[in-house]
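# Build the 3D model from these lines:
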Amino acid sequence: MDLGKTFKKMKKMLSGDTGFTRSLSDFLAANSLHREASPTVLIWELGGFSLILAKNAIFSLALKVRGYGARCVLCDGVPEACIQRGLEQNEAIESWSKRCPGCLAEMKDMADKYCLDYSVVGDYVDQGKREEFSRLSETIEITGILPYEYLGVRVGELALSSTNRYMKGYMVDVSELKKEDERVYRKYFYAALVNSYLASEMIRESNPVSILTSHGIYVDYAPPMSLGYSKGTNTISWTSGFADSMHYFTVPKTANKLDMRGMSLTAWQERLEAPLSEKENQSLDEFIHNRYFKSKARDIAIVSKPEDPALLKKALGIDNDNPIVCLFTHVSWDACFDCSTMLFETANQWVIESINKMAAITDVNWIIRIHPAEKSEESLFTTDDIIKQKFQSLPGHIKIIWSDSVVNSFGIYQLIDAGITIFGTCGVELPLLGKPVIVAGNAHFSGKGFSVEPASKTDYLSVLEACKELAHLSEGQVKLARQYAYSYFVQRQVPIDMINKNERHWGDVDVTRLDELLPGKNAVMECICDGIVNGTDVIMRGAPPTTAPGQNREPIP
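This next block holds a predicted model:
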């Protein structure tokens, strides 16, 4: 999830626009219902991404005209370690702070552009607290960081997660840390402490009716979600969806784990009680078709249309009729592992032990599909590298589709008999074709009745041994899979359709459509605001993302 590269290309959007700001100011002056005593929504953006802040600012505008105060907090460099850092930058830790003033200036420019009320970290974390957290982070035994909790937040886990992201594929083994990597780990631990204290202080002071952030993970975004949930404050985060202008708005289900794109049990039960209509089935099929045949997905770079299964089988050198099972790898340092419980300690361990097991099961044709985003996300040490390092050669019944392959994943779906994942989208898509998926963890689609879910690593390896006997999904299971997929891909993806279309996904609000921010003027924004204020997953019904966003889509009451 390397947002930095994308955002750097779009900094031209951040240039001052007095006409734009004047339009927003006039709109708020005429329509804002916010008063000093109004309930507050805390908007948290410590990642330093001004284009993300712009989207939060759009929600702020909509909240103010509904009578809510929107208070934003920006990073001023106090946490030091953040999502902006990365091993690929070859930047000495001592130099990290040099970029902070420029980052803050950019964030302030965006906040001013959108008439946002904001504070900075230093307003709440004084020098005494900074020294206290610094001493702790520098003196604690390295093995004591991971289990460490502060104010109920699992700050040690957040530190490890953010360090792994920083390492871009060189997964951290705490028992074997190099000195420089240990310093990075301790810095992220310090940031987790600072941000947790900040969240606690801001919640205490403002007593917000709700907390809104993007992502909801890492040391940058997770603390307010964990604390808010624990304190009974409504909390919600958003993340980009699978198509331009589409978004997921999700509330945490536990204090220290956020499923960024899943859904609540209540929402799933509601979906179960309503079989898909013919129109809903068509909408789902249209979404999948556009995703893999028409380059309408933000997360997939379509190079070719799905291959014919027989031709793909031949190209892979599979010359027998044994079952074909594919393990779909993940970007090992990506956010999904902050949202899912794995059966293995790391994704790398999962891949290695799976291949070791597969090598001994010769009556199955195994495919390892390396995630294409390993290249596009600029991983420094990829799953390709792990396999090449750990396995000098592989038996002929194991085939590797490397990350730079142009093979379309839907072609693989059509070829194989079953799939394996921890958290991947294939866990929702393959069952639509009636094909079982083995889940090496607890994903958002687990427990829905259409996947194979071993309870432990031992069970998982046993399932691999017997996977050639996995049955095609029943008609009832496919029906369940379609109900979940429709809710996940169509209802849960929410269009923010007031963004300037010329600027696409990361654009500014269209000032000619500001009236649609008002109550009752836009059903989508109404639903988003209800979700933010009430702390509920945002779920839409109606036309799919492939139509003009916002048309014929109504909120679920």
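
# where along the stretch 1-150 of the chain do the strands fall?
The residue ranges that make up the strands of the stretch 1-150 of the chain, judged by DSSP state E, counting those that start in this stretch, are 40-45, 69-74, 117-120.

# just checking, which of those strands sits deepest inside the structure?
When neighbours are counted by mean count of other Cβ atoms under 10 Å, the highest per-stretch mean among these falls to strand 40-45, a mean of 26. For glycine as for every other residue, the C-beta is placed from the backbone atoms N, C-alpha and C.

# And that strand, what does it pack against?
For strand 40-45, the helices and strands in contact under the criterion 3 or more Cβ pairs under 8 Å, 6 or more residues apart in numbering; DSSP states H and E are helix 50-64, strand 69-74, helix 179-206, strand 210-214, helix 218-231.

# possible to save the ones you listed as JSON lines with distance to Y484 and mean pLDDT?
Rendered in JSON lines, the data for these read as follows (distance: least, Cβ to Cβ, whole Å; pLDDT from 0 to 100):
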{"stretch": "helix 50-64", "distance to Y484": "27", "mean pLDDT": "95"}
{"stretch": "strand 69-74", "distance to Y484": "34", "mean pLDDT": "94"}
{"stretch": "helix 179-206", "distance to Y484": "33", "mean pLDDT": "96"}
{"stretch": "strand 210-214", "distance to Y484": "25", "mean pLDDT": "96"}
{"stretch": "helix 218-231", "distance to Y484": "24", "mean pLDDT": "94"}
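
# Using a markdown table, lay out those together with distance to L272.
As requested, the helices and strands packed on strand 40-45 are arranged in a markdown table below (distance: least, Cβ to Cβ, whole Å):
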| stretch | distance to L272 |
| --- | --- |
| helix 50-64 | 30 |
| strand 69-74 | 36 |
| helix 179-206 | 35 |
| strand 210-214 | 28 |
| helix 218-231 | 26 |
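
# so which of those comes closest to R154?
Closest of these to R154 is helix 218-231, at 7.3 Å (criterion: Cβ to Cβ).

# Can you spell out which helices and strands pack onto the closest one?
The elements that helix 218-231 packs onto, with contact taken as 3+ Cβ pairs under 8 Å, 6+ apart, are strand 40-45, helix 155-167, helix 179-206, strand 210-214, strand 234-240.

# Can you show me the CA trace of the last one as CSV?
Spelled out, that is strand 234-240. Written as CSV, here are the backbone C-alpha positions of strand 234-240 (Å, rounded to 0.1, in the frame of the first residue of the first chain):
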residue,chain,number,x,y,z
ASN,A,234,-18.1,5.5,17.8
THR,A,235,-15.2,4.9,15.5
ILE,A,236,-15.0,4.4,11.8
SER,A,237,-12.2,4.3,9.2
TRP,A,238,-12.3,4.4,5.4
THR,A,239,-10.1,3.0,2.7
SER,A,240,-10.1,3.2,-1.1
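
# quick one: buried residues of stretch 146-156?
The neighbour-count criterion (16 or more other Cβ atoms under 10 Å) identifies 146, 148, 150, 153-156 as the buried residues of stretch 146-156.

# and the helices and strands packed on helix 218-231 as CSV, adding distance to I387?
Listed next are the helices and strands packed on helix 218-231 as CSV, based on distance: least, Cβ to Cβ, whole Å:
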stretch, distance to I387
strand 40-45, 38
helix 155-167, 18
helix 179-206, 23
strand 210-214, 33
strand 234-240, 29
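
# Show me the one of these that comes nearest V511.
Here strand 40-45 is closest among these (Cβ to Cβ), at 20.6 Å.

# How about V533, nearest residue that isn't a chain neighbour?
With Cβ to Cβ, 6 or more residues apart in numbering as the measure, S210 is the residue that lies nearest to V533, at 5.5 Å, once sequence neighbours are left out.

# again but with T341, I slipped
The spatially closest residue to T341, leaving aside those adjacent along the chain, is N442, at 4.3 Å (Cβ to Cβ, 6+ apart).

# So that neighbour is in contact with G262, correct?
No. Taking contacts as Cβ atoms under 8 Å, N442 lies outside contact range of G262: 10.5 Å.

# Pick out whichever of these two has more residues nearby.
G262 (22 against 19; other Cβ atoms under 10 Å).

# Present the buried residues of stretch 146-156 as TSV; the columns should include distance to D112.
Rendered in TSV, the data for the buried residues of stretch 146-156 read as follows (distance: Cβ to Cβ, whole Å):
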residue	distance to D112
L146	40
Y148	38
Y150	33
V153	31
R154	35
V155	32
G156	37
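
# Now render the strands of the stretch 1-150 of the chain as CSV, adding distance to D497.
Shown next, in CSV, are the strands of the stretch 1-150 of the chain (distance: least, Cβ to Cβ, whole Å):
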stretch, distance to D497
strand 40-45, 21
strand 69-74, 21
strand 117-120, 26
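
# of all those strands, which lies closest to D385?
Of all these, the one in closest proximity to D385, counting by Cβ to Cβ, is strand 40-45 (33.7 Å).

# So which residues make contact with that closest one?
52-53, 56, 59-60, 63, 68-75, 107, 116, 199, 202-203, 206-214, 221, 224, 532-533 (Cβ atoms under 8 Å, 6 or more residues apart in numbering).

# Narrow the residues you listed to those that are buried.
Using 16+ other Cβ under 10 Å as the threshold, 52-53, 56, 59-60, 63, 68-75, 107, 116, 199, 202-203, 206, 208-214, 221, 224, 532-533 are the buried ones among these.

# V78 reaches V125, doesn't it?
Yes. Counting by Cβ under 8 Å, V78 does reach V125; the two are 5.6 Å apart.

# Show me the shaky parts of the stretch 251-400 of the chain.
Where the stretch 251-400 of the chain drops to pLDDT under 70, the residues are 296, 301-303, 335-340, 376.

# At which residues are the strands of it located?
Taking DSSP E, counting those that start in this stretch, the strands of the stretch 251-400 of the chain run over residues 324-328, 341-342, 365-369, 398-401.

# Check the stretch 401-550 of the chain too.
Counting by DSSP E, counting those that start in this stretch, the segments of the stretch 401-550 of the chain that form strands are 418-421, 437-439, 441-442, 494-495, 540-542.

# Can I get the first one as PDB, trimmed to CA atoms?
The C-alpha atoms that make up strand 418-421 are tabulated as PDB, following Å, rounded to 0.1, in the frame of the first residue of the first chain:
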ATOM      1  CA  ALA A 418      -9.200 -24.900  -5.700                       C
ATOM      2  CA  GLY A 419      -7.300 -22.000  -4.200                       C
ATOM      3  CA  ILE A 420      -5.400 -21.100  -1.100                       C
ATOM      4  CA  THR A 421      -5.100 -17.700   0.600                       C
END
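
# in it, what's buried?
Buried-residue list, strand 418-421, by 16+ other Cβ under 10 Å: 418-421.

# swap in stretch 532-539?
Buried residues in stretch 532-539, counted by 16+ other Cβ under 10 Å: 532-533, 535-539.

# Need the contact partners of that stretch.
Contacts with stretch 532-539, where a contact means Cβ under 8 Å, 6+ apart, come from 41, 59, 63, 66, 68, 209-210, 212, 233-236, 248-251, 263-264, 267, 487, 491-492, 494, 527-528, 530-531, 555-556.

# Now, of those residues, which are buried?
Applying a neighbour-count criterion of 16+ other Cβ under 10 Å, the buried members of the contacts of stretch 532-539 are 41, 59, 63, 66, 68, 209-210, 212, 233-236, 248-251, 263, 267, 487, 491-492, 494, 527-528, 530-531, 555.

# just to revisit the earlier point, want to try TSV for the strands of the stretch 251-400 of the chain, with mean neighbour count and distance to R130 as columns?
TSV is the format used below for these (neighbours: other Cβ atoms under 10 Å; distance: least, Cβ to Cβ, whole Å):
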stretch	mean neighbour count	distance to R130
strand 324-328	24	43
strand 341-342	16	34
strand 365-369	25	46
strand 398-401	19	48
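
# Make JSON lines out of those and add distance to P101.
Conversion of those to JSON lines gives the following (distance: least, Cβ to Cβ, whole Å):
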{"stretch": "strand 324-328", "distance to P101": "42"}
{"stretch": "strand 341-342", "distance to P101": "39"}
{"stretch": "strand 365-369", "distance to P101": "44"}
{"stretch": "strand 398-401", "distance to P101": "45"}
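
# A274 is nearest to which of those strands?
Taking the strands of the stretch 251-400 of the chain one by one with Cβ to Cβ, strand 341-342 is closest: 29.2 Å.

# Kind regards, and thank you for your time.
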